[in-house]
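In: predicted model follows, preceded by the sequence.
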Amino acid sequence: MPDHARPRLRRLLQDLLSPGILPLLVLSGCLGVTAVLWHGASLDAEHDAQADFEGRVRELVNNLDQRMQTYEQVLYGVQGLFASSQQVEREEFRTYLTGQDLDRHFPGVHGVGYIELVTPSQRAVHQGVVRHQGYPDYHIRPDGERAWYAPIVYLEPFNDNNRRAFGYDTASEPRRRAALEQARDSGQPAMSAKIRLAQEVTEPAQAGFLMVLPLYRHGWPTATLAQRRAAIRGWVYAPFRTGDLMAGLGGPRAAALDVEIYDDGVVEPQALMYDSVPDAGERLRSTRQQISIANHRWTLRISMLPGAAPARGDKAQQIAIAGAGFSVMLAWLTWLLARGRLQARQGLQHSRALAAELKEGQQALMVLADSAQRSQAMLRSILDSTLDGILVDNLEGAVLNSNRRFRELWNVPEQLDWQGDGAVLMNHMCAQLRHPECGLRLDGAGAAEEHAEVLHLKDGRMIETHTRGLLLGSEPARIWSFRDITERRQIEQREQTRRHVLELLATGAPLQTILESVVLGVEADHEDMLCSILLLDDSGEHLLLGAAPSLPAFYNAAVNGMSVGAGVGACGQAVLTRSRVIVEDIRSAPSWAEFRDLALQARLGSCWSDPIISTSGAVLGTFAIYHREARLPTLANIALIEQGARLAGIAIEQAQAAVALRAGEARFRSLYDHAPVALWEQDWSAVRGALAELELSGIDDLAAYLEANPSQLRRLASLVRVVDVNAAALKQVAAPAGDKDVGQLTLAQNFDAAAMPNFARALSALARGEHFFAGEGSFERLDGVARLNQLTLLVMPGHTHSLDFVIVSTLDITERRRMDDELRVLATTDFLTGLPNRREFMGRLEEEEGRLQRDISAYAAVLLLDIDHFKRINDEHGHAGGDAVLRQLAQLMRDSQRKIDMPGRIGGEEFALLLPGTTLAAAAVFAERLRQRVEQAPMLLEGGVTLHISVSIGVAAMDGKCAAGDPALSRADQALYRAKRGGRNRVELDGAPVEADRPGHQVPAASG
């Protein structure tokens, strides 16, 4: 323990042993011990009481569970009685239960009975059988029609009270019916919820319940739920009053408990089935227990009645009284002892005070001397630990003090005798300055004023100095502070030069101007330096002048184009060796033999050169620093030349990159403007923001949301902004020539109102993070004309998360689509009649065949018709007349068909009709109507000639069993030839005999 802490500890102990504190501490400690003992005794008493309560509860719950299991066994016994006999008569049932002596052996059970399952169709027979057994007033009650009945048929003992339940339909009440169904479906005992027994007539009525066990028909399987429901024949059951069940349960120990029984797990007044002490008042402790009886749950709330348990807190009370008395007595004795001790200590302190006064006088002088020594050591420690160099003089040429940092800054040697003569120190300092005439003096001139200046040293360092006057005691003095700011000024100058270079790069200034800015920035704080930048040409063999504003013009002209192959000069060697070259004295350097006279003429004494290396490792040129006199670089000079070379490299690379970028942009702009494909630059960033809001609002399926909310889709389309377009795009949307006003362009020039579903698909694809989308749609030109286009959307790399740079290319496919439609019409249409040609008709016939195969209940019909004596028309009126007849017949067929029907020209004067969903009889009616219409319609030929024609028609049916198209068409063809052989101008149906008037066919003679 430290010495200075011991008196404090001793003083604390004396205060604690005082008469006002120690007795209180003793009293508090004794009372605390008494409280601990009393608390332990109370906990023991509480633990014993809780254990006794839990034992009583456990005993009560076990007795209740055992009693209910006994009742289950009684029901199982009755179930066995029914299982052993095909039919248990009433007397046999009474004899069996009389032997059980229920009242004596099974307290609480109200009886045991048999419930029979009766269907509505068995109700009358059942009532008649029971009445025949000697109960003429028996009927199932309550009255009413129900899906099934479960009347109580047997109930023993059959006394006056139980007779009230005789014939009662237990299935008429939901809670009883639920217990019956549970027992029937599970095959296990089931207990009903809280009910009022049918025997209950007194008020207040006791809560009751039923326990039931299913009876199944002999020999019927009961493995599955369906089998058990089919095999059920009835139930044995026992009714209970809860109060009678709990009477005497648990013995004398249970009498101290208040037992409440609640149906199921709900502790609610309406679920209360039993309360042993309804007005018990405050309860000492309580617990909840749950018990499962016959697959039904009861909740028991059991509490200890006040005064029922023996009091066990006497021991704790005795400990409290005895401990309090002993504590008070011990505190009084302690007070007497502490007061006597205090009086003795006061006398001793008085005698010691006199001796202490003598000692204090002796130690005062020693303290003053030690304090002065410590102050001087502290001052020296502070001075030596400061970051600035400190010098103190007395204004009369003598140095009073200095710190270690001062001597380090000015390189003061240990052997220099400056303590007695300050002029020696000042001369040493001035010798290191670039301008020795700066006026550093130790006299008193200007000592009263604060002064600050920056001193430049020959080694490149910059030292900031501050002076101010002060008083040391009563004598005037001056304090000097020196701080090396070389690195800070270099950083500031480098940052200023860097900003200026970046500004020049941003404004596109010439490379020479940028390099001159780099050189001037390095020379700004170093007036004795002359800098130059030489650039390596594209061949890598010559150095070209980049910037050297401070060197003579004749020297720059001479070194411009200097070859680097021979390693001439410091710059040539730096390029060849890819490293820094230091030439201390140009006059004696062998590498300067060729340019030595030129350098001497320019008054250059030394040269330091650093290669300028690009980020890819290639040499771009050199950065050189010249001095008028021969000298070696300091560490600060080396850092400066490295920084200059690095900044020059950045400037050169950025300038070259800017030139290449401008050239690339010009080429891209030319390609963009003259591309044959319409190109659009669009900004979808506002759309991206709207999609983010939709996502935050909980929209997960964007495609479904946009389909259900077309107004939101239009709103998103209005957020797309057209930034730029090329000439092909302006031409595509019919913009005025030479007018590139993107403000008049909207998304409608890519997706019009009809193409909004395509825009929704594109929007969903881009929202999923896809970079590319292609599709077709329609767009609206600026003159209002709607056209078709094929377009692709490409999100530029790096803009996926913002969608602010989307390139859209569009191609007008309106004419191509029109030509495709015309080609499709030419390929599928007969050029003369305008009806589908044979190929198209056969394709439609195959489709119908597939439909009939998928739906065997569907049907269709095929008509094949031929113009009668068409050859005669061609012979008499020429082929032009025949063509006119064919065209007018085709028009009659179109006028007669339904929208789903398919007409076609098969070849020559043969036509066909496909009638989907038409039976053979309906097709015959259609064919006859068409035949009559052709017969009655005059055919107009050229020259006003009128001609009447007739047609022969064959009809065949198709259905799911015979869905082939070609055989159906063949059958219609055979029916057509029967019509021809039958006299023409008639309709024949498939199925009649076929005549042999076609080559290769064997057909019987036609009828009538």
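Out: In hand now; what should we look at?
In: which residues of the stretch 201-350 of the chain fall in helices?
Out: Assigned by DSSP state H, counting those that start in this stretch, the stretch 201-350 of the chain shows helices spanning 225-231, 242-246, 251-254, 314-385.
In: which among those is found nearest to Glu72?
Out: helix 242-246 (13.4 Å; C-beta to C-beta). Every C-beta, even on glycine, is put in place using the N, C-alpha and C of the backbone.
In: packing partners of that closest one?
Out: Judged by 3 or more C-beta pairs under 8 Å, 6 or more residues apart in numbering; DSSP states H and E, the packing partners of helix 242-246 are strand 257-263, strand 272-275.
In: show me where pLDDT drops low in the stretch 51-200 of the chain?
Out: Across the stretch 51-200 of the chain, residues meeting the criterion (pLDDT under 70) sit at 103, 105-108.
In: tell me where it has strands.
Out: 112-116, 152-156, 190-191 (DSSP state E, counting those that start in this stretch).
In: in CSV, list those strands along with mean neighbour count and distance to Phe623.
Out: Listed next are these as CSV, based on neighbours: other C-beta atoms under 10 Å; distance: least, C-beta to C-beta, whole Å:
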stretch, mean neighbour count, distance to Phe623
strand 112-116, 23, 113
strand 152-156, 23, 117
strand 190-191, 24, 102
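In: can you list those in TSV and add distance to Val955?
Out: TSV is the format used below for these (distance: least, C-beta to C-beta, whole Å):
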stretch	distance to Val955
strand 112-116	69
strand 152-156	74
strand 190-191	71
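In: out of the ones you listed, nearest to Ala651?
Out: Among these, if distance is taken as C-beta to C-beta, the winner is strand 190-191, at 95.8 Å.
In: check the offset of that closest one from the chain's centre.
Out: 50 Å (C-alpha atoms, centre = their mean, to the nearest Å).
In: check stretch 370-387 too.
Out: Using C-alpha atoms, centre = their mean, the offset of stretch 370-387 from its chain centre is 64 Å.
In: what residues of it count as buried?
Out: Counting neighbours by 16 or more other C-beta atoms under 10 Å, one finds that the buried residues in stretch 370-387 are Leu383.
In: what comes into contact with it?
Out: Applying C-beta atoms under 8 Å, 6 or more residues apart in numbering, the external contacts of stretch 370-387 come out as Ile390, Asn401, Ser402, Asn403, Arg404, Arg405, Arg483.
In: average pLDDT across it?
Out: Averaged across stretch 370-387, pLDDT comes to 71.
In: CA atoms only for it - export them in PDB, please.
Out: The C-alpha coordinates for stretch 370-387 follow below in PDB (Å, rounded to 0.1, in the frame of the first residue of the first chain):
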ATOM      1  CA  ASP A 370      13.500  20.400  -4.100                       C
ATOM      2  CA  SER A 371      10.700  22.400  -5.800                       C
ATOM      3  CA  ALA A 372      13.200  24.600  -7.600                       C
ATOM      4  CA  GLN A 373      15.100  21.500  -8.900                       C
ATOM      5  CA  ARG A 374      11.900  19.800 -10.100                       C
ATOM      6  CA  SER A 375      10.700  22.900 -11.900                       C
ATOM      7  CA  GLN A 376      14.000  23.200 -13.800                       C
ATOM      8  CA  ALA A 377      13.900  19.500 -14.800                       C
ATOM      9  CA  MET A 378      10.300  19.800 -15.900                       C
ATOM     10  CA  LEU A 379      11.000  22.900 -18.000                       C
ATOM     11  CA  ARG A 380      13.900  21.100 -19.800                       C
ATOM     12  CA  SER A 381      11.700  18.000 -20.400                       C
ATOM     13  CA  ILE A 382       9.000  20.200 -21.900                       C
ATOM     14  CA  LEU A 383      11.400  22.100 -24.200                       C
ATOM     15  CA  ASP A 384      13.000  18.900 -25.500                       C
ATOM     16  CA  SER A 385       9.700  17.300 -26.300                       C
ATOM     17  CA  THR A 386       8.200  20.100 -28.300                       C
ATOM     18  CA  LEU A 387       7.900  19.800 -32.100                       C
END
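In: tell me how many other residues surround Gly689.
Out: 12 (other C-beta atoms under 10 Å).
In: how about the one 5 residues further on?
Out: When neighbours are counted by other C-beta under 10 Å, Leu694 registers 17.
In: helix or strand: which one has it?
Out: With secondary structure defined by DSSP states H and E, Leu694 is part of helix 685-696.
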